[in-house]
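1. Provide a 3D model corresponding to the input given below.
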Amino acid sequence: MAVGTSRAASAARRVIRAGVSIWPTWAAVAFLPVSATALEPLYTELSAFETALARVALQDTLEHMPSRQIGRWSVTDGSARGSITPLRTFKIKSGHYCREFREVVESTAKGTRSADHIACRNGAGKWVRIEP
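-> Numbers count the residues shown, from 1 in each chain. Here you go, the predicted structure:
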């Protein structure tokens, strides 16, 4: 495991154990679904429609794209667009897969912003962003 991701992977192991997703109260702040607005500072100036496009693209990219291939979304009027680049995939002790990824969002309101994150697939098949 690479240095710098061990904290996030360790946190993921505490939440996802023995093939069953466990969501203790203490984890509610640190582990929220990728679609949780509180964890989407890149989406703050996007419309509800733009945010929905970004969320769908994020789930789809993490589920289907190989590392280093870019998933993209855009609004036809050009007001916003984004990309998600999975950087690496790894498996934690419980057998769940996690992905480190970079997300970039460009909007006419806020310009270009980017952030690196880690998400793990939960028992329901949804990618859950981990905040170390």
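2. report the separation between residue 46 and residue 118.
-> Between residue 46 and residue 118 the distance is 22 Å, computed by C-beta to C-beta, to the nearest Å. Just so you know, the C-beta spots here come from the backbone N, C-alpha and C atoms, and that holds for glycine as well.
3. residue 126 too?
-> 15 Å.
4. nearest spatial neighbour of residue 78, skipping sequence neighbours?
-> Beyond its immediate neighbours in the sequence, the residue positioned closest to residue 78 (C-beta to C-beta, 6 or more residues apart in numbering) is residue 108, lying 7.6 Å away.
5. so the one you found sits against residue 79, correct?
-> Yes: using C-beta atoms under 8 Å, residue 108 makes contact with residue 79 at a distance of 5.2 Å.
6. out of the two, which sits in the busier spot?
-> residue 79 (16 against 11; other C-beta atoms under 10 Å).
7. phi, psi for the more buried one please.
-> phi -70, psi -20 (degrees, to the nearest 10).
8. go on, residue 86?
-> phi -60, psi 130.
9. same question, residue 126
-> The phi/psi pair for residue 126 (degrees, to the nearest 10) is phi -90, psi 140.
10. ok, it to residue 62 distance?
-> 10 Å.
11. of these two, who's got more company?
-> residue 62 (24 against 16).
12. show me what the helix or strand harbouring residue 55 is packed against.
-> Residue 55 is part of helix 48-64 when elements are defined by DSSP states H and E. In terms of contacts (3 or more C-beta pairs under 8 Å, 6 or more residues apart in numbering; DSSP states H and E), helix 48-64 is packed against strand 71-74, strand 80-91, strand 97-107, strand 111-121, strand 127-130.
13. show me what the last one is packed against.
-> It refers to strand 127-130. Counting by 3+ C-beta pairs under 8 Å, 6+ apart, strand 127-130 packs on helix 6-15, strand 31-33, helix 48-64, strand 111-121.
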